[in-house]
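In: Coordinates for the following, if possible.
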Amino acid sequence: MRPPALVIFDCDGVLVDSEHISHSVLHTMLLESGVSISYKETIDRFIGISNVGFLKEVGGLCGGVAPAGFLDRFRDATLAAFSEHLTAVAGVEEILLSLPVPYCVASNGPHFKMQATLGKTRLLKHFTNQIFSFEDVERPKPAPDLFLHAARSLGADPSECVVVEDSPTGVQAARAAGMRALGYAAMTSPQKLLDAGAHAVFGSMSHLPALLRSVG
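Out: Numbers count the residues shown, from 1 in each chain. Take a look at the predicted model:
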């Protein structure tokens, strides 16, 4: 099969192993705010969510309005935790080094966060002029804007792009953009990714090269 014209990676949970760290921080903060919620439910509610969606969800859990400064405190706490514990997703750098096609990263996170996490994990050098954030477009995922912007910026036809995502929100955005989606089932159940529209799911980066060939 013809290889994809562009592979678009999500950042958190796909390139950097950040999701379990950030959701642990968030879970603790929610408990401290009086919210009765499990760690699993925290993941289910917040994985892949935009900042606007994050505050809306926190507000709903906290009686209507998110506590003052909650997002800023969450950012500071997660960045502090990342500085101590963050690593690259196992096997992903080998994938980047061996990919025979162009690739980029497109995230619902802000640029400063990707600079920090990709820098900490020594993956930043692989993404010169290939980093796209929700800050660059009008609407974050699950809208298609971010993926379409990445494809347009790098001269790729959306129908020839493959997106690697770990959240239903990201998979929905890929499908809305007319792209094929591969679901990395590290923190989200495979069925949820398939239900969102993933063409295939996988649990180890070692499986990704073969999947990229099969959907190309």
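In: which stretches of the protein have low pLDDT?
Out: 1, 216 (pLDDT under 70).
In: how does it divide into domains?
Out: 6-18+86-214, 19-85 (automatic domain parsing).
In: what distance separates the longest one from the middle of the whole chain?
Out: Okay, so that is domain 6-18+86-214. Mean-position distance between domain 6-18+86-214 and its chain equals 6 Å (Cα atoms, centre = their mean, to the nearest Å).
In: where along this protein do the helices fall?
Out: 19-32, 39-46, 51-61, 70-85, 92-98, 111-120, 145-153, 168-176, 190-196, 208-214 (DSSP state H).
In: What residues sit buried inside the longest one?
Out: Buried residues in helix 70-85, defined by neighbour count with 16 or more other Cβ atoms under 10 Å: 70, 74, 75, 77, 78, 79, 82. In short, each C-beta sits where N, CA and C put it, glycine included.
In: again, but for the first one
Out: Judged by neighbour count using 16+ other Cβ under 10 Å, the buried positions of helix 19-32 are 19, 21, 22, 23, 24, 25, 26, 27, 29, 30.
In: just the fifth one next, same as before
Out: Within helix 92-98, the residues scored as buried using 16+ other Cβ under 10 Å are 92, 93, 95, 96.
In: just the third one next, same as before
Out: By 16+ other Cβ under 10 Å, the buried positions in helix 51-61 come out as 53, 54, 55, 57, 58, 61.
In: List just the nearest of those to residue 43.
Out: Taking Cβ to Cβ as the measure, residue 57 is the one of the buried residues of helix 51-61 closest to residue 43, at 12.2 Å.
In: Just list the residues touching residue 103, thanks.
Out: 6, 7, 8, 9, 96, 130 (Cβ atoms under 8 Å, 6 or more residues apart in numbering).
In: which of those has the most neighbours?
Out: Ranked by the number of neighbours (other Cβ atoms under 10 Å), the contacts of residue 103 place residue 8 first, at 32 neighbours.
In: in stretch 196-210, what's buried?
Out: Under 16+ other Cβ under 10 Å, the buried positions of stretch 196-210 are 196, 197, 198, 199, 200, 201, 202, 205, 208.
In: contact partners of that stretch?
Out: Taking Cβ under 8 Å, 6+ apart as the rule, stretch 196-210 contacts 89-92, 94-95, 98, 164-165, 168-169, 171-172, 174-175, 180-186, 190, 193-194, 211, 214-215.
In: picking that back up, out of the buried residues of stretch 196-210, give me the two with the largest separation.
Out: Maximum distance among these (Cβ to Cβ): 21.2 Å, for 197 and 205.
In: circling back: restricted to buried residues, select the contacts of stretch 196-210 in ChimeraX.
Out: Burial among the contacts of stretch 196-210 is assessed by 16+ other Cβ under 10 Å; the matching ChimeraX selection reads:
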select :89,92,95,164,165,168,169,171,172,174,175,180,181,182,183,184,185,186,193,194,211
